[in-house]
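Undergrad: Model the structure of this input:
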Amino acid sequence: MIIGMAILIAFQVTGELLAVGFRLPVPGPIIGMVLLLLWMQGSGRIDTSVASASDALLANMAVLFVPVGVGAMVYGEVFRRHWLLIAIAVVVGTVVTIATTALVAKFLTRSRTPAAAHVSS
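TA: Take a look at the predicted model:
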């Protein structure tokens, strides 16, 4: 699991260095995730140590939301004043995220289907 965590952090740091170095408008962790995806796509498999580290992170995901909850409590007055804008942002953000995920999944499924059918023939 330590090796997997080191790989995840290495991709995140690489993404951060690229984002800062090239002054990209995309956050470094996002670039790191894209690089990780490309690495896994290129190898054709998911590294077992990365899978183990990812499973551990997902199992403890609730702990990662504690700072968000504390921040929400600290800024309670801002939430009370701007609740409608916040609600709209959450709904629009959720819809855009679901739509984007669906489109990417559809694209990836479509792009892999012919190759998988060709290999099995």
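Undergrad: neighbours of the residue lying closest to residue 27 once chain neighbours are set aside, just the number please.
TA: Distances taken as CB to CB, 6 or more residues apart in numbering put residue 19 closest to residue 27, at 6.4 Å, once the chain neighbours are dropped. For glycine as for every other residue, the C-beta is placed from the backbone atoms N, C-alpha and C. Residue 19 has 18 neighbours, counted by other CB atoms under 10 Å.
Undergrad: same for the helix or strand containing residue 19, what does it pack against?
TA: Taking DSSP states H and E as the definition, residue 19 sits inside helix 2-21. In terms of contacts (3 or more CB pairs under 8 Å, 6 or more residues apart in numbering; DSSP states H and E), helix 2-21 is packed against helix 28-43, helix 48-59.
Undergrad: domains for this structure, by residue range?
TA: For the chain, automatic domain parsing gives the domain ranges 1-64, 65-121.
Undergrad: Point out the most buried one among those domains.
TA: Ranked by average neighbour count under the criterion mean count of other CB atoms under 10 Å, those are headed by domain 1-64 at a mean of 13.
Undergrad: Check the offset of that domain from the chain's centre.
TA: 9 Å (CA atoms, centre = their mean, to the nearest Å).
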